[in-house]
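**Q** with the input below, show me the fold.
(chains A and B)
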Amino acid sequence: MIPAQFDYLAPTSVEDALAALSEHGDDAKIIAGGQSLLPVLRMRLNAPEMIIDLGRIESLRGVRDDGDAIVIGAMTPHAVVGSDPLVGEHAGLITKAVEHLADAQIRHRGTFGGALAHADPAGDLGAPALALGAEFVIQGPGGTRRVAADDFFVDLFETAIGEDEILTEVRVPKHTGWGSHYEKFVRVAHQWPIVAVAATVRVEGGTIAEARVGLTNMGSTPLRARGVEEALVGQPATEDAVRAAAERAAEGTNPPSDLNGDADYRRHLATVITRRAVLAAAGA
Amino acid sequence: MTATQERPSDEVEKEIGRDRRRKEDQRLITGRTRWTDNITLPGMLHLAMVRSPFAHARIVSIDTSAAKQATNVVDVLTGADLGEALGVNINAWPITPDQVTPTHSPMPSDRVAFAGEIVAVVVARSAAEARDAAELVDVEYDELPAALDLKESAADAVLAHPDLGTNKSAYWVFDSGEAGTGGSVEDAIAKARTDGIVIEREYRQQRLIPAFMEPRSVVVDPTGEQLTMWSATQIPHILRFALAATTGVPESKIRVIAPDVGGGFGGKLQTTPEEWITWAVARRLGKPAKYTETRSESLMSGHHGRDQWQKLTLAAEKDGTVTGFKVDLLADLGAYVSLVGGGVPVLGAFMFNSIYKFPAYRFAVQTVLTNKTWTDAYRGAGRPEATYAIERIMDELAVEVGVDPLEIREKNWIKHEEFPFTTVAGLEYDSGNYEAATARAKEMLGYDELRAEQRRRRESGDPVQLGIGVSTFTEMCGLAPSRVLGSLDYGAGGWEHASVRMLATGKVEVVTGASAHGQGHETAFSQIVADRLGVAFEDVEVLHGDTQVAPKGLDTYGSRSLVVGGEALVRAADKVIEKAKPIAAHLLEASVDDLEFSGGRFSVRGTDQGMAIGEVALATFAAHNLPDGVEASIDADATFDPEAFNFPHGNIINPLIVSGQVHGGLVQGIAQALWEEAVYDDSGTLVSGSFVDYLLPTAADTISFEIDHTTSPATTNTLGTKGVGEAGTIASTPAVVNAVVDAVRHLGVNDIQMPCTPERVWRAINSAGSGGSTEGAAMPHFESGGEMGNQEQPGTSSTEGAGA
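**A** Sure, this is the predicted structure:
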C-alpha cells in the first residue's frame, strides 16, 4: 500500500495554509488527521500532487467557552474532544458520539474538523452536529464566514467549504442540562455505523420540552429526523410515546443499500435505533 | 565423573502440562524478528504486480513501454517474456483419475480467469517505484462472460475455461454400501419415507478469506550455489519440492526458508503465482528480488476457503434414531485447482457422520470451476463444513421428534464403552467419552436452567428471546497416515521428521520438519524434549523452517504438528538416550544392564554413581574415551508415520497454548456464523475487498470463554496427544447458528443463512411461515429441476426461513 508520490507542506498558520491552497488549487489536498485521506492515497483512489498538513497550526486545536456556545478547534483530536469537560457539560451528545467513534488509534489521530469536512454520511459526527445546530466557521481568502449545520452538508463527501477555504472551528450552541445519547448499530465494533441516531432532549417534569434527532447513514448526508422531533415535543418521556414518535424516523430519508443492509432494512433500523436513542437521552 | 548436581527425578517439575508462556512471543509480538518482508539483501530489486480487474477476459495486448521508462525501473515482464522459466502452479491432489484440471500459469499471457490474476510484473529499485510504474502498464482486455454463480457454473451455463468444455472438475463419491462400511442410504431413505422421518435441507457454506495477519511475502536470492527462497509460507518443504518439479532447478540447488511466519490458517498452505514469478524474475535478472503483497492483494488473490452448497437428506426412525445420511455437495474451486483444492471437501467426507453411529451414508461432491479466486484449505478444511451440516440437521431432527437437541444426539452417538469404533465412513475412532464431555458442558452452562428461562421468555412474549445452540463434534486430525493419504491420491505423505542434537555444553538443539507459523511449537516442543531428556526447558532450542537446517519435513497444517511431529521428536529423543547409554556405562565403568535413565541422569543401580546426559554429550564431543566401535555422536533422527488419524482432545502439553488455540478457533468459527463473507458482484469483482467490508472480528467483538477438557488420551502415539488447532473453529459455527435459529424457531423459522446478519434474522422473522420440512413439506429445490443446476442465486436465494 504505497501512495503515489506527492509534495508536502506543513504551514504553521491558517493564512499560510490558505496561501498554499490558492497557489496549488485543484492539485492540492488538505490533510487533517489523515484517517480518511491516507487509505484513499494508499489505495491510489486519489493522487493529489500537494498535501497541505494542518497539523502544525496550533490555533486550530482546543476547546473553549464562548458564552452561549462552545468552540471546538477543527484540528482537535477526537480523543481530546471526547474527554473535554466543557463538551461533556454543554454538548454531551458529542461526547457520547466520540466515545464509540472508530477505535482508540483513530480517536487519537483523527480530528473533529477533519471528520466533519470529509462528510462521510456514515461518519459519527455529522448527525450530532446537525442535532445540536452547530455552526461551521470557514476561513478563505476573503475572510471568515459561518455556515449553519443545515447548510453545511451538501452531498456525499461534499460540504459548503469552498476549494480555497479551510474549516477552522465548529461552534456548538450550549445544550446545558439536555439529556443525550448516540445509538449506533454495527456488526463489528470497528465498523462504520450501518445506521446511527443522535438524540438530545430537554425533559421538564417528565415531559419532553425540546428534542433534536440526527440520523447517520440514512442518505447522502447526515439528516435531521424532524418528524420525530415534532412528534416528541409535549409528549411524556415514556416508552409508548417515544415508540410512536420514532415510527417517523425514516420519513424523507434515502438510505443506501450495501453489504451491511438494504435500504428497507435501514429504514426499519432507523425507527428502532431512534426509539432506543431517545429513550436513553430522556433517561427513561 | 560421578556425582552430579542433577536433582532426583521426583523433584524435577514436569514440563509437560505446565502453563509455559511462549518463548517465541517476545520477538513475534514486537516484530523484532525475521519476517520475510524484513529481509533486505544487497542489490535487491522490488516487484509490483499488474493484476486483471476483470473476472474473465482475453488479453489483447500488454504495452509495457511507458512503465519501462519510469524512474529506476529495471524491467517489466509478462508471461510471454518469461515463457517456460515461469513454471506452473500445480495441483497435488487430483481427487479422481479423470479430474479436469486447467493449466495454471503463474502469469498467463492469453487469458485471465479471475479478477486479481497477474498479467505483468514490474521490477524496480524500490517498492514505491515499482508500484508507480505498475500504474503505467497498459493492458488491453477483451472481456468474456464470467462463470460466477456456483450452481449455474455447475450446469455449465458459462464456461470458466472455454477450452475445457466444462466447469465440472471432479465428481467424488463415498458410499457406505459400496465400501462395505455400512448399508445403502437409498434404502434407508425409502424406508424412512414410508415409516419414519426424512429431513431435507440445503445449506450454504459461504466463501471465506483466511485473512492471516502477515501478508504474504517472498524474497529470492539467485546468487551462490543454492538458490534461496524466503517465503511467508506454511510449507517450506513442499514448496522446495514443487519449485524443483516445475521450474527445472534441481532440488539440491534449492534452499527454502520460512522464517517467522505470521499466521496462515491454511491460507499459506499454497504454492503461489507470486512465489513462482519472483523466482523466475530473480533468476532471469541474476539479482535478489522481493515481493510483498498489499492487504487488498492478499484478500483478492490469496486463496479463499469454504464455498459450498450442501444438499442433505437425513433418514431416521420415528424415535429419532438416525438410519442414514446422504450428502450432495457442490464445491467452488475458483479459477484453478489449487495445491490441495478439490481435496478439501474430500477431507470432510469422512466427518459428516461425526460422532454418530448411523448405519448408512453416502457422500458425493462435484467440484466446480468458476471465474473467482481459487479456493483451498482454510482452518478445518472440509471438516467444519461436514460438522455444520450434521449438527444443523440434528437440530432439525430434534424438532421433528420433539425432543431436546442433546437428547437426539445422545440417542445417536457412539457410547464410550463402544470404542474403538469403526464408523460408517470407515474410520476407526480410538477413544472418546461424549457422555462425560456433554455432562460436564451441561453443568458448566447451566443448561437445564437456561432451557427453563427460555421457556419463561417464550411464554411471556419477552422481546428478548433466548437461543441455545449446541454442537458436538470430532475431527480427524494429524492428516496422516501416509498409506491412507496415498489411497486418496493425495500428493504427499503424512509422516514427520525430527532430529535431536546434543551440544558439547549440554544444551540441546531440536530440529523439526513441522514449521510453525504462530502455533507455539518452540515452546511445546521444548517442553516435550525437556521432560524426555531431563534437561532444562531453557536449554532446548527448537529449529525449523529452513530446508538447510531441517532438510526433511512435511510442515504445519491439519492439526498435525504435535501428534505427528511431536511423536517424531519423542522417538528421536529416545534414540539419543539409547545411544548415550553405552557411552555412559563405559565412562561409569558399569554394565549397560545396570544403568537406568531418569531425570536426565544415567545412574548405576544401587549406587550413587551416575552422570547427566549433558556430561555424556561433552564426553562424546571430546571422544577421548569412547567404547570400541561406538560412533562419536549421540545425536539422533526419527521419522514418524502414524498408523491412523487421530481425534481431539488428548493429553495436553501446554494448557495455555491449548486455551489460546481453542479461543482463537472459537472466534474464527463464530466469525463464519455471524460476520465473515467474501462477496462478489455480478461482474466478478470482490466487493468485500478490504477490512471495511470483510468483517473480521476484533477482541472488542468477542465474548469470554469458559473452557474445560475431558481428556481421552490418544492410543496412537506415546504422548497420548491429539490435535487441537482446528477444534474450536469446527465446533463453534454450527453451535452459534443453532442458537440463532433456536432463538426464533417459535416464530416459524428453521434456517438462517450464514453469516447470520441482523438483517437476515430480521427478514427470516418477517417472512416466516410454516416451519417444518419433513416429508410432504419437502423443500422446493429438491423437486424442481432434479440436478442442482436449476437453482437460485447464492447470496440472494438464501435458505432463510426455509420451509416456508
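**Q** around chain A, which positions in chain B sit nearby?
**A** For chain B, the residues in contact with chain A (CB under 8 Å from any CB of the partner chain) are B:127-128, B:131-132, B:135, B:294-296, B:674-675, B:679, B:687-688, B:690, B:692-693, B:695-698, B:700-701, B:757-759, B:762-763. C-beta coordinates here come from the backbone N, C-alpha and C atoms, glycine included.
**Q** I'd like the average pLDDT over the helix or strand encompassing residue B:274.
**A** Residue B:274 is part of helix B:273-285 when elements are defined by DSSP states H and E. If you average the pLDDT over helix B:273-285, you get 98.
**Q** mind listing what's buried in that helix?
**A** Across helix B:273-285, burial judged by 16 or more other CB atoms under 10 Å in any protein chain shown covers B:273-284.
**Q** let me see the contact set for the residue lying closest to residue A:42 once chain neighbours are set aside.
**A** Excluding the flanking residues, the one nearest residue A:42 by CB to CB, 6 or more residues apart in numbering or on different chains is residue A:1, at 4.0 Å. For residue A:1, the contacting residues are A:42-43, B:294-296, by CB atoms under 8 Å, 6 or more residues apart in numbering or on different chains.
**Q** most neighbours among the residues you listed, which one is it?
**A** residue B:296 (19 neighbours; other CB atoms under 10 Å in any protein chain shown).
**Q** count of residues packed around residue B:547?
**A** There are 24 residues near residue B:547, going by other CB under 10 Å.
**Q** next, give phi and psi for it.
**A** Main-chain dihedrals, residue B:547, degrees, to the nearest 10: phi -70, psi -10.
**Q** who touches it in this structure?
**A** Contacts of residue B:547 by CB under 8 Å, 6+ apart are B:236-237, B:240, B:254-257.
**Q** shaky segments in chain B?
**A** B:1-12, B:475-480, B:644-649, B:711-716, B:768-804 (pLDDT under 70).
**Q** and it, what are its domain boundaries?
**A** B:9-32+B:491-640, B:36-144+B:211-301, B:168-209+B:304-475+B:653-708+B:726-782 (automatic domain parsing).
**Q** okay, those in TSV with distance to residue A:143 next?
**A** Formatted as TSV, these follow (distance: least, CB to CB, whole Å):
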stretch	distance to residue A:143
domain B:9-32+B:491-640	49
domain B:36-144+B:211-301	40
domain B:168-209+B:304-475+B:653-708+B:726-782	39
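**Q** quick one: the residue in the stretch 251-400 of chain B positioned nearest to chain A and residue B:442, what's the gap?
**A** In the stretch 251-400 of chain B, no residue comes nearer to chain A than residue B:294, which is 4.7 Å away by CB to the nearest CB. As for residue B:294, its distance to residue B:442 is 47 Å (criterion: CB to CB, to the nearest Å).
**Q** also residue A:58?
**A** 63 Å.
**Q** so the two - more neighbours on which side?
**A** Remark: of residue A:58 and residue B:442, residue B:442 carries more neighbours, 14 against 11, as counted by other CB under 10 Å.
**Q** which SSE is that one in?
**A** helix B:434-445.
**Q** that helix packs against which elements?
**A** Under the contact definition 3 or more CB pairs under 8 Å, 6 or more residues apart in numbering or on different chains; DSSP states H and E, helix B:434-445 sits against helix B:405-412.
**Q** which strands and helices sit next to the helix or strand hosting residue A:228?
**A** Residue A:228 belongs to helix A:226-232 when assigned by DSSP H and E. Applying 3+ CB pairs under 8 Å, 6+ apart, we find helix A:226-232 packed against strand A:207-216, helix A:239-246, helix A:263-281.
**Q** give the next helix or strand downstream of the first one.
**A** To tie it back to what came earlier, the one meant is strand A:207-216. Following strand A:207-216 toward the C-terminus (DSSP H and E): strand A:223-224.
**Q** what mean pLDDT does that following strand have?
**A** The average pLDDT for strand A:223-224 rounds to 97.
**Q** the stretch 101-250 of chain A: strands as residue ranges?
**A** Along the stretch 101-250 of chain A, the segments classed as strands by DSSP state E, counting those that start in this stretch run A:135-140, A:143-148, A:153-155, A:158-159, A:166-173, A:179-185, A:195-204, A:207-216, A:223-224.
**Q** quick check: the nearest residue to residue B:419 once chain neighbours are set aside vs residue B:217, distance?
**A** Closest residue to residue B:419 apart from its sequence neighbours, by CB to CB, 6+ apart: residue B:431 at 5.2 Å. Per CB to CB, residue B:431 is found 42 Å from residue B:217.
**Q** with neighbour numbers in mind, choose between these two.
**A** Under the neighbour definition other CB under 10 Å, residue B:431 and residue B:217 were set side by side, and residue B:217 has more, 24 against 19.
**Q** pick out the residue closest to the middle of chain A.
**A** residue A:125 (2.0 Å; CA atoms, centre = their mean).
**Q** isn't that residue up against residue A:96?
**A** No. In this structure, residue A:125 is not within contact of residue A:96 by CB atoms under 8 Å, at 11.3 Å.
**Q** related to what we said a few turns ago, in ChimeraX, how would I select the buried members of the residues of chain B next to chain A?
**A** Remark: buried members of these, expressed as a ChimeraX selection using 16+ other CB under 10 Å:
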select /B:127,128,131,132,135,294,295,296,674,675,679,688,693,695,697,701,757,758,759,762,763
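**Q** which residues of the stretch 151-300 of chain B fall in helices?
**A** Ranges of helices in the stretch 151-300 of chain B, per DSSP state H, counting those that start in this stretch, are B:176-179, B:185-195, B:236-247, B:273-285, B:295-301.
**Q** out of the ones you listed, flag the one nearest residue B:122.
**A** Ranking the helices of the stretch 151-300 of chain B by proximity to residue B:122 (CB to CB) places helix B:273-285 first, at 9.9 Å.
**Q** ok, and what's touching the closest one?
**A** B:45, B:47, B:49, B:74-75, B:77, B:82, B:85-89, B:104, B:106-107, B:117-118, B:121, B:123, B:216, B:218-222, B:227, B:229, B:231, B:233, B:239, B:243, B:246-247, B:249, B:288-291, B:293, B:301.
**Q** residues near the one residue in the stretch 51-200 of chain A that gets nearest to chain B, how many?
**A** Closest to chain B within the stretch 51-200 of chain A is residue A:189: 3.7 Å, counting by CB to the nearest CB. If you count neighbours by other CB under 10 Å, residue A:189 ends up with 15.
**Q** and it, what does it touch?
**A** Per CB under 8 Å, 6+ apart, neighbours of residue A:189: A:100, A:103, B:698, B:700-701.
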